[in-house]
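Need a 3D model of the sequence below.
(2 chains)
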Amino acid sequence: AQSVTQLDSQVPVFEEAPVELRCNYSSSVSVYLFWYVQYPNQGLQLLLKYLSGSTLVESINGFEAEFNKSQTSFHLRKPSVHISDTAEYFCAVSPSLPGGGNKLTFGTGTQLKVEL
Amino acid sequence: GAVVSQHPSWVICKSGTSVKIECRSLDFQATTMFWYRQFPKQSLMLMATSNEGSKATYEQGVEKDKFLINHASLTLSTLTVTSAHPEDSSFYICSARRKLASHPPYNEQFFGPGTRLTVL
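Predicted structure coming up:
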């Protein structure tokens, strides 16, 4: 079984400031790691994922996350946030089973609020 | 591409009635659809996995007779909450996974916008 912990339920930050959203996980098997973003009244959208290879993964809109196996973490960072980044962010894991399966286990989410 | 819709976006019903929620993949065929439930300030909890043309697989603790899932086509899955009670009030979210010819290490889930159910 897997579990995901997002300790910060809300993170307020000023525009153009850096931000880090924390995610830790627990699993007895190897996992894939994900960050999803949910804008108001919309479905979850995949922001970035780690499947294998380089532990640093990036999204097209400037977010990055680094897989740290020893610390079982996958924190999300952005060096300079924009007002449009205001949203709910969910960290998720999935067992890296051959052939798929791929059930997702989500954290409780972090509300990022970017202020002017 | 890869858009998933849900209908209705919100519904209010009386206790004891049944409510049907639809999940559609608009621009792709989905062999697998997932149904989640989300309580305020909590994570999404997987309720069941449905594969087209077969019975849904329910997670432990989810009553299959309470939450009826039908996946009759490659673009539509429905969740029916039978004899709804106030404790069934929640945000229900579906996701869909593409039908692919190959088997990549991970087949992404695409999420619908969710349906807010309020049972009075």
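
Quick check: residues of chain B near chain A?
B:4, B:9, B:34, B:41-46, B:49, B:93, B:95, B:97, B:103, B:105-114 (CB under 8 Å from any CB of the partner chain). For glycine as for every other residue, the C-beta is placed from the backbone atoms N, C-alpha and C.

which stretches of chain A form strands?
A:2-5, A:10-14, A:19-21, A:24-27, A:31-38, A:44-50, A:56-58, A:64-68, A:73-78, A:87-95, A:105-106, A:110-115 (DSSP state E).

and stretch A:47-62 with chain B, contact?
Yes. Stretch A:47-62 comes into contact with chain B (CB under 8 Å from any CB), by way of A:49, A:51-52.

where exactly do the helices run in chain B?
For chain B, helices defined by DSSP state H do not occur.

quick one: low-confidence ranges for it?
B:1 (pLDDT under 70).

before we move on, the earlier item: looking at the strands of chain A, which is closest to B:A72?
Of all the strands of chain A, the one in closest proximity to B:A72, counting by CB to CB, is strand A:44-50 (24.6 Å).

For that closest one, which strands pair with it and how are they oriented?
strand A:31-38 (antiparallel) (DSSP bridges).

dump the residue contacts of residue 40.
No chain specified, so I'll use chain A. The contact partners of A:P40, by CB atoms under 8 Å, 6 or more residues apart in numbering or on different chains, come to A:A87.

same check, this time on the one 5 residues further on
Under the criterion of CB under 8 Å, 6+ apart, the contact list for A:Q45 reads A:36-39, B:111.

same deal with B:Q29?
With CB under 8 Å, 6+ apart, B:Q29 has these contacts: B:74-75, B:98-99.

Against A:L21, how distant is A:G109?
Using CB to CB, to the nearest Å, we find A:G109 at a distance of 10 Å from A:L21.

joint contacts of those two?
In contact with both A:G109 and A:L21: A:6, A:89, using CB under 8 Å, 6+ apart.

Just give the closest residue to the most centrally placed residue in chain B, not the sequence neighbours.
Among the residues of chain B, the one closest to the centroid is B:W35, at 3.1 Å (CA atoms, centre = their mean). Once flanking residues are discounted, B:W35 sits nearest to B:M47: 4.6 Å by CB to CB, 6 or more residues apart in numbering or on different chains.

again with A:E115
In space, A:E115 is closest to A:F14, 5.5 Å off (CB to CB, 6+ apart).

ok so, going back, B:V62 is nearest to which of the strands of chain A?
That would be strand A:105-106 among those, by CB to CB, at 15.2 Å.

Surely B:Y58 touches B:L46?
No. Using CB atoms under 8 Å, B:Y58 and B:L46 do not qualify as a contacting pair, with a distance of 9.5 Å.
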